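A.B. asks: Need coordinates for the following:
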Amino acid sequence: MHVMFRRALTGAAATALTLATLTGTARATPPGPGVTAVVLAQRTVGDTDYTLREITIPAGQSTGWHYHDGPLYGYVKQGTLSHFDSACASDGVYPAGSTISEPSGPDHVHIGRNLGTIPLVLDVLYVLPHGKPFSEDAPNPGCDFQ
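C.D. replies: Model prediction:
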């Protein structure tokens, strides 16, 4: 299953890269110190925006609490992603080579954290309604971490 997902993600990423290659810096929402994101490719088809970004999260930092208006699909290139849901519970630990998908909507608030000692690097494909931001800020749901 993971091999099929990785192939699908790689194929989608390759297609997005072929369609349009744009570079620049973009913010994570809300970023911890040093969190960066670079748009690798972006394409709009109909009412849907497809964006491939490379996100780097330094050791000890996080994405902040947020949700997405459409699904996203990620691949961990380096480091380990620790993912937590709005109940403050870990809902996955993803080492390098792993894939992750996140459902859309405000009922799927989450945070991605780098609890390791090296930078976490993710390639993420966002599939969003046209014009929507990469993520929507959400308040900390009462967890003792950010």
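A.B. asks: Where does Ala41 fall, secondary structure wise?
C.D. replies: Using DSSP states H and E, the element containing Ala41 is strand 36-45.
A.B. asks: Now that strand: buried residues?
C.D. replies: Neighbour-count burial for strand 36-45 flags 36-37, 39-43 (criterion: 16 or more other Cβ atoms under 10 Å). C-beta: built from backbone N, CA, C; applies to glycine.
A.B. asks: same deal with stretch 48-67?
C.D. replies: Under 16+ other Cβ under 10 Å, the buried positions of stretch 48-67 are 49-58, 61-67.
A.B. asks: And His108, its phi and psi?
C.D. replies: Backbone torsions for His108, taken as degrees, to the nearest 10, come to phi -120, psi 50.
A.B. asks: next one: Gly92
C.D. replies: phi 160, psi 140.
A.B. asks: who does the closest residue to it other than its chain neighbours bridge with?
C.D. replies: The spatially closest residue to Gly92, leaving aside those adjacent along the chain, is His83, at 4.5 Å (Cβ to Cβ, 6 or more residues apart in numbering). Counting by DSSP bridges, His83 forms beta bridges with Gly92, Gly112.
A.B. asks: re earlier: check which element follows the strand holding Ala41 along the chain.
C.D. replies: Next along from strand 36-45, by DSSP H and E: strand 48-57.
A.B. asks: What helices and strands are in contact with the helix or strand just after that following strand?
C.D. replies: Helices and strands here follow DSSP H and E; after strand 48-57, the next one along the chain is strand 66-67. Applying 3 or more Cβ pairs under 8 Å, 6 or more residues apart in numbering; DSSP states H and E, one finds that strand 66-67 contacts strand 110-113, strand 136-137.
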